[in-house]
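Novice: sequence plus the predicted model coming up.
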Amino acid sequence: QVQLVESGGGLVQAGGSLRLSCAASGRTFSRYYMGWFRQAPGKEREFVAAISWNGGSTYWTDSVTGRFTISRDNAKNTVYLQMNSLKPEDTAVYYCAASPTYTVVASSYDYWGQGTQVTVSS
């Protein structure tokens, strides 16, 4: 069982930065791929980024390439999403999730956090 709690969301102007954190409970955190998803009003939840269990591999969607970075600290049971050069279209609720394998499919993730709101003003 893994419980996930996101933090770090907020309101930022376009071009600004935010760092999201996702704290996990449970001894098996380091066995999971961790992903970040986002969901804007009226839209489906979409994959943003993922990281392998040891941090050796990272993945992200094209729209955040060069702007977002995913990382993890297994000693702290935490995964991060550094978001730079934010755009209004990045506005969404951001969720972290845990999966035993790499996948961009939300339904394949076993555990989810409650989400944190990110709002980017123009």
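Specialist: Nice, I can see it. Numbering: from 1, shown residues only.

Novice: so how many other residues sit close to the closest residue to Q117 other than its chain neighbours?
Specialist: In this structure, Q117 finds its nearest non-sequential neighbour in G9, 4.8 Å apart by Cβ to Cβ, 6 or more residues apart in numbering. In short, each C-beta sits where N, CA and C put it, glycine included. Neighbour count of G9, defined by other Cβ atoms under 10 Å: 18.

Novice: my read: G9 touches V120, true?
Specialist: No - the criterion here is Cβ atoms under 8 Å, and G9 misses it with V120 at 10.8 Å.

Novice: picking that back up, residue contacts, the residue nearest to Q117?
Specialist: Listed by Cβ atoms under 8 Å, 6 or more residues apart in numbering, the contact set of G9 reads 18, 20, 93-94, 116-118.

Novice: try D73
Specialist: 79-80 are the contacts of D73 under Cβ under 8 Å, 6+ apart.

Novice: do W53 as well
Specialist: 30-33.

Novice: next one: phi and psi at it?
Specialist: phi -60, psi -30 (degrees, to the nearest 10).

Novice: give me the distance between it and Y33.
Specialist: Separation of W53 from Y33 (Cβ to Cβ, to the nearest Å): 6 Å.

Novice: name the nearest residue to F47, ignoring sequence neighbours.
Specialist: V104 (4.0 Å).

Novice: tally of neighbours for the nearest residue to G26 once chain neighbours are set aside?
Specialist: Closest residue in space to G26, ignoring its immediate chain neighbours: V2 at 4.4 Å, by Cβ to Cβ, 6+ apart. By other Cβ under 10 Å, the residues close to V2 number 19.
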